[in-house]
Structure formats: structure tokens, C-alpha cells
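Novice: just coords:
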């Protein structure tokens with residue numbers, strides 16, 4: 001490379017740093033110290049990134065470290081993808097770093113993996129978690145590849161990933177350049193075409209950067225359960241108010257299903273005990289998994305319960321007041337989604353009853369899995 005080409009290449013990088021850290025001229029006037037520090041940090045990143053020795057992805061991958069410290073739905077998404085990876089690469093040894101809340105998902109549905117459960121904080125700080133004995137015991141192990149299975153940038157997850165001895169590290173990056181990236185070998189953004197794809201598809205795309213063979217997870221066929229005598233489990237609560245169907249509707253729906261001969265139980269927090277005095281409140285994730293497995297059909301507001309029911313191969317009916325059909329649709333064929341963006345209260349009890357009992361023409365208010373998977377894999 002001649003001097004002019006070399007100079008031009010890195011001049012463009014410096015220009016890029018300026019565009020990132022000084023977005024508008026007013027930034028330099030309003031926050032001069034912050035801009036100078038950010039630019040200084042960007043220059044250090046540029047310098048260390050240039051000096052850093054480049055590595056290569058191992059030709060043979062026998063051990064995989066996965067970091068996914070997140071909520072229940074995220075854990076289920078990752079479990080589905082890793083299960084597909086195990087099927088295509090049965091001899092691979094997988095170690096997962098997660099939290100105590102999500103770990104039962106991996107232990108139950110991926111029994112062959114090693115699960116590490118560090119606390120969220122150690123010595124009152126997340127950044128001291130790396131010194132916790134649970135993690136220190138694994139630092140001497142060598143992993144062929146380490147992956148942060150998150151579809152977006154997470155500095156905490158990447159920090160955790162960097163603590164382990166991996167020959168190659170993969171994570172999703174962001175537009176900004178962070179020091180976290182200096183220890184990563186692959187931190188490209190997800191392709192633009194995956195922006196609205198299902199979370200399982202996104203996780204698979206991250207795992208495919210390892211060059212390991214992996215296909216879409218197998219989806220169970222629709223169950224053939226009879227409606228009469230089925231056991232229904234309701235999850236009326238949702239973290240989003242847009243998806244919170246009125247409590248009176250849930251009470252009426254329960255009454256109508258019981259009138260059809262079904263058995264109905266309600267699962268949730270103590271907050272709904274006034275409406276449902278017999279509400280079931282599992283103490284931990286493992287108890288929740290065991291509870292869901294006792295029922296035939298889960299009717300719920302959108303959230304982790306719908307994905308857990310799908311993973312347990314139950315019939316599922318989901319009510320959503322936000323758009324989840326393209327990104328978070330439960331990974332099962334025996335699910336019907338009633339989606340009313342910002343208008344969940346317009347769904348009548350009779351509509352939900354018809355869908356829950358799988359009666360009549362209800363496709364106008366629901367979305368089949370086959371439609372969803374077609375959209376997400378084209």
C-alpha cells in the first residue's frame with residue numbers, strides 16, 4: 001500500500017469519527033468537554049484497533065460460549081436457536097451464561113448444556129460481576145467461539161463475553177465505536193433485511209456467523225386435542241398496557257369456557273387476586289414451567305407466557321395490543337394471535353371464545369404460524 005492510499009484510508013476513518021461524535025455544530029458549543037472526551041476516546045479506539053493483532057475464526061469449532069442474560073422470552077428464543085444448532089452439530093459443547101431467572105429454560109429444554117448463573121451485581125456493581133467465583137471458575141477454560149446472542153448492542157453482555165478466553169468473539173455492534181469492540185472479532189450490525197424479522201431468525205443469523213451448519217428449528221404440528229374437557233391456563237397480565245385486556249372480559253371468558261366443560265385456572269401476580277382469588281403464583285421459573293405443562297391450552301396477553309407455552313408444545317391463544325406478528329410471534333403452529341394494535345379493548349369475549357375453542361371462521365382476527373414463518377424466512 002503506498003503512502004497516499006494509506007493516508008486516505010485512515011483520513012476517512014477520522015472523518016467518520018467526527019461525524020459520529022459531533023453530529024451537529026451545536027454539539028461542540030453546548031457540550032465541548034463531552035465532545036472532546038468522546039473524540040479522544042474515538043482516537044484511542046482507532047489507535048488500539050490498528051495495533052491490535054488480527055485473529056482468525058477457528059476452522060473446527062467444538063466448544064461454544066453463549067451469553068444471553070435477559071428476560072424469559074429472550075431465553076426461549078435463544079433456546080430454540082441453540083436446539084436447532086445442536087441438531088445440526090450434535091457434538092458441539094455449549095456453555096450458556098445467563099441469570100437465575102432464565103436458567104431453568106436452558107436446563108429444561110437443553111439438558112446437555114452447561115449453564116453458568118452469575119448474579120446481576122457483585123459487590124454492588126455489575127462491573128464487579130466478572131470477579132464473582134461462579135465466573136472465575138470458568139475463566140481458565142478455552143472456548144473456540146464466544147457469542148452474545150442479542151439482536152442489538154449490549155455493553156454489559158459484551159463485557160461479560162470479553163471476560164472469557166475465546167479464540168473468536170461475535171456480537172452485534174452499533175453505529176458508535178466502543179472500547180468493548182476492541183476484544184471482539186466480529187461486531188457487524190444485523191443485515192438490514194432482518195430489521196423486522198422474527199427474533200428466532202435474528203438469533204440464527206448471529207449464530208451462523210460461526211460458519212456452523214444450522215437450520216430453522218423444528219416446529220411441532222398442530223395438536224389434535226378435543227375441546228371438551230381441556231384444561232385452560234389464563235395469563236391475563238401484560239407488561240404493556242396496550243395489551244392488557246379488561247379484567248371483566250377475562251372473568252366472562254372463564255365463565256363461558258367452564259360452561260363448555262373446560263377447566264380454567266388463572267396464573268399471575270397477587271395484583272389480580274381481587275378478581276381471581278384462586279390465582280396461581282409460581283415462586284420461580286421452574287415452577288412456572290411445571291405449571292404450564294399441566295395444561296392443554298394457554299390463553300394469554302402477549303409476553304413470555306406465550307413463548308413458554310409454545311416451547312412446551314401447548315395450544316396457544318394470544319391477545320396483543322402491539323404489533324408482534326412479524327417479530328415475536330410464538331414459535332409454534334398451534335397458536336392463534338388476536339392482534340389489535342392500540343385497540344385491544346375492541347376484541348369481544350365472543351371473538352376470543354371462538355378462537356380459544358377453535359371454532360368458526362376466526363382467521364380474520366388471527367394469524368397462523370405458517371403465514372408468520374413464511375414472512376420471516378423469505
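Specialist: Now that the structure is in, tell me what you want to look at. Being a predicted model, the structure only gives us computed values, none of them experimental. Residues are numbered from 1 along each chain as shown.

Novice: and the helices in the stretch 51-200 of the chain, which stretches?
Specialist: Counting by DSSP state H, counting those that start in this stretch, the segments of the stretch 51-200 of the chain that form helices are 72-88, 103-109, 133-136, 155-162, 199-207.

Novice: pull out the buried residues from the longest one.
Specialist: Of the residues in helix 72-88, those scored as buried under the neighbour-count criterion (16 or more other C-beta atoms under 10 Å) are 72-82, 84-86. Placement of C-beta: from N, CA and C, glycine included.

Novice: what's the answer for stretch 322-340, then?
Specialist: 322, 324-325, 327-340.

Novice: between the two ends of that stretch, how far is it?
Specialist: End-to-end distance for stretch 322-340: 7 Å, by C-alpha to C-alpha, to the nearest Å.

Novice: tell me the mean pLDDT over that stretch?
Specialist: Computed over stretch 322-340, the mean pLDDT rounds to 88.

Novice: now stretch 144-162
Specialist: Stretch 144-162 carries an average pLDDT of 89.

Novice: next, residue 291: secondary structure please.
Specialist: At residue 291, secondary structure determined by DSSP: H, G, I helix; E, B strand; the rest coil is helix.

Novice: if we can go back for a sec, now tabulate the helices of the stretch 51-200 of the chain in a markdown table and tack on distance to residue 355.
Specialist: Shown next, in a markdown table, are the helices of the stretch 51-200 of the chain (distance: least, C-beta to C-beta, whole Å):
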| stretch | distance to residue 355 |
| --- | --- |
| helix 72-88 | 21 |
| helix 103-109 | 27 |
| helix 133-136 | 44 |
| helix 155-162 | 37 |
| helix 199-207 | 23 |
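
Novice: right, and these - which one's nearest residue 372?
Specialist: Nearest to residue 372, of all these, is helix 199-207, at 10.5 Å by C-beta to C-beta.

Novice: can you give the contact residues for the closest one?
Specialist: For helix 199-207, contacts defined as C-beta atoms under 8 Å, 6 or more residues apart in numbering pick out 73-74, 77-78, 80-82, 84-85, 147-149, 151, 170, 172, 190-191, 194, 214, 216-217, 327-328, 331, 376-377.

Novice: for the helix or strand immediately after it in the chain, packing partners?
Specialist: Next in sequence after helix 199-207, counting helices and strands by DSSP states H and E, comes strand 231-235. In terms of contacts (3 or more C-beta pairs under 8 Å, 6 or more residues apart in numbering; DSSP states H and E), strand 231-235 is packed against helix 247-259, strand 263-266, strand 297-301, helix 304-311.

Novice: at 7 Å instead, please
Specialist: helix 247-259, strand 263-266, strand 297-301 (3 or more C-beta pairs under 7 Å, 6 or more residues apart in numbering; DSSP states H and E).

Novice: out of these, the one nearest residue 208 is which?
Specialist: Checking the helices and strands packed on strand 231-235 against residue 208 by C-beta to C-beta gives strand 297-301 as the closest, at 31.0 Å.

Novice: quick one: residues contacting the closest residue in space to residue 150 that isn't next to it in sequence.
Specialist: With sequence-adjacent residues excluded and distances taken as C-beta to C-beta, 6 or more residues apart in numbering, residue 150 is closest to residue 157, at 5.6 Å. Neighbouring residues of residue 157 by C-beta atoms under 7 Å, 6 or more residues apart in numbering: 67, 69, 148, 150.

Novice: out of those residues, which are inside strands?
Specialist: Those of these mapping onto strands are 67, 148, per DSSP state E.

Novice: got the contacts of residue 157 as JSON lines, with neighbour count columns?
Specialist: Formatted as JSON lines, the contacts of residue 157 follow (neighbours: other C-beta atoms under 10 Å):
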{"residue": "67", "neighbour count": "28"}
{"residue": "69", "neighbour count": "23"}
{"residue": "148", "neighbour count": "29"}
{"residue": "150", "neighbour count": "21"}
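
Novice: so which of the contacts of residue 157 is the closest to residue 345?
Specialist: Distances from residue 345 to the contacts of residue 157, taken by C-beta to C-beta, are shortest for residue 150, at 33.3 Å.

Novice: pretty sure the closest one contacts residue 170?
Specialist: No. The criterion here is C-beta atoms under 7 Å, and residue 150 misses it with residue 170 at 10.9 Å.

Novice: quick one: closest of the helices of the stretch 51-200 of the chain to residue 125.
Specialist: Residue 125 lies closest to helix 155-162 among the helices of the stretch 51-200 of the chain, at 11.3 Å (C-beta to C-beta).

Novice: buried set for the closest one?
Specialist: By 16+ other C-beta under 10 Å, the buried positions in helix 155-162 come out as 156, 157, 158, 159, 160, 161, 162.

Novice: which among those residues gets closest to residue 90?
Specialist: Of all the buried residues of helix 155-162, residue 90 sits closest to residue 161, with 24.5 Å by C-beta to C-beta.

Novice: which one of the contacts of residue 157 is nearest residue 280?
Specialist: Nearest to residue 280 among the contacts of residue 157 is residue 69, at 27.0 Å by C-beta to C-beta.

Novice: and the closest one, how far is that from residue 376?
Specialist: Using C-beta to C-beta, to the nearest Å, one obtains 25 Å as the distance from residue 69 to residue 376.

Novice: do the same with residue 121
Specialist: Distance of residue 121 to residue 376, computed by C-beta to C-beta: 36 Å.

Novice: what do you get for residue 210?
Specialist: Residue 210 sits 21 Å away from residue 376, taking C-beta to C-beta as the criterion.

Novice: try residue 114
Specialist: Residue 114 sits 30 Å away from residue 376, going by C-beta to C-beta.
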